[in-house]
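Trainee: heads up, no residue letters with this:
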C-alpha cells in the first residue's frame with residue numbers, strides 16, 4: 001500500500017468510527033450540554049482535565065468557552081487544569097502525580113460546578129482521582145472515555161454523563177472526543193443564544 005492510500009484509509013476509518021458511534025453518543029452529549037448550560041447560568045464554572053492529547057483537548061475546550069466557538073457571545077467560565085506548570089509540578093513533587101488534578105478540583109471546584117474528565121482508556125489514575133474529588137465537592141462529571149469506559153466508567157454517579165467511544169484505536173477515540181467537545185460547544189451556544 002502506498003502512503004496516499006494509507007492516508008485515505010485513515011480518513012475512511014475516522015469517518016466510519018464517527019458514524020458508528022453517533023447514535024450512541026448523541027443523547028449523552030445533548031444531556032451533558034444541558035448540564036453545562038445549567039451550571040453556567042447558575043454562576044458555576046467548568047473545570048477540564050486530561051493527559052497528553054486529552055490535556056490538549058481540555059485546553060481547547062476551555063479556550064472555546066472563555067473566548068468563543070463560532071458565534072459572538074460573552075465569555076463563559078472554564079478552566080483547564082492542565083496549564084499551570086508551577087501548580088502541576090509542585091503537586092507532583094510534594095505529593096504524587098496522581099493528585100495533580102484532584103488537588104486543583106478540591107481547591108477550585110464548588111458545588112454546582114462541572115468537571116470535564118477526559119481519558120481515552122478511562123483508566124488514567126490522575127483523572128480517576130479528579131472524578132473522586134469532584135464528587136466530594138458535589139460537582140457533576142462529564143467523562144469522555146474510550147473502549148468500555150475503564151475505571152472512570154465504574155465510578156460515575158447518578159447525575160454524571162458518560163461519553164464513551166467504544167473503539168479500539170486511541171487515535172480514533174481522540175478524534176471522536178474532539179468532535180464531541182465541538183458538539184458541546186455548538187449546543188451550549190444554541191441553548192444560550194438560540195438560532196440555527
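Mentor: Nice, I can see it. Because the structure is predicted, anything quoted here is derived from the model rather than measured. Numbering: from 1, shown residues only.
Trainee: Quick one: the helices in the chain, in order.
Mentor: All helices of the chain, identified by DSSP state H, fall at 3-41, 53-66, 85-94, 102-108, 125-136, 150-155, 170-193.
Trainee: Quick one: list the elements packing against the first one.
Mentor: For helix 3-41, the contact count by 3 or more CB pairs under 8 Å, 6 or more residues apart in numbering; DSSP states H and E identifies strand 46-49, strand 114-118, strand 140-146, strand 161-165, helix 170-193 as packing neighbours. Yep, even glycine has a C-beta here, placed from its N, CA and C like the rest.
Trainee: Try it again at 6 Å.
Mentor: Using 3 or more CB pairs under 6 Å, 6 or more residues apart in numbering; DSSP states H and E as the contact criterion, the neighbours of helix 3-41 among helices and strands are strand 161-165, helix 170-193.
Trainee: Strand partners (parallel or antiparallel) of the shortest one?
Mentor: Read that as strand 161-165. The pairing partners recorded for strand 161-165 under DSSP bridges are strand 140-146 (parallel).
Trainee: and the angle for the partner strand with helix 3-41?
Mentor: If you take axes from the mean of the first three to the mean of the last three CA atoms, to 10 degrees, strand 140-146 sits at 170 degrees to helix 3-41.
Trainee: quick one: buried residues of strand 140-146?
Mentor: For strand 140-146, a neighbour-count test (16 or more other CB atoms under 10 Å) marks 140, 141, 142, 143, 144, 145, 146 as buried.
Trainee: In contact with the first one, which residues are there?
Mentor: What it means is residue 140. Taking CB atoms under 6 Å, 6 or more residues apart in numbering as the definition of contact, the neighbours of residue 140 are 35, 114, 159, 160.
Trainee: List of residues touching stretch 82-100?
Mentor: Contacts of stretch 82-100 with the rest of the structure, by CB under 6 Å, 6+ apart, involve 55, 58, 59, 103, 125, 126, 129.
Trainee: and with 7 Å instead?
Mentor: By CB atoms under 7 Å, 6 or more residues apart in numbering, the list of residues contacting stretch 82-100 from outside reads 49, 50, 55, 58, 59, 103, 104, 125, 126, 129.
Trainee: Surely the first one touches residue 117?
Mentor: So that's residue 49. Yes: when contacts are counted by CB atoms under 7 Å, residue 49 is listed as touching residue 117 (6.1 Å).
Trainee: what residues do these two have in common as contacts?
Mentor: Taking CB under 7 Å, 6+ apart as the contact criterion, the common neighbours of residue 49 and residue 117 are 127, 130.
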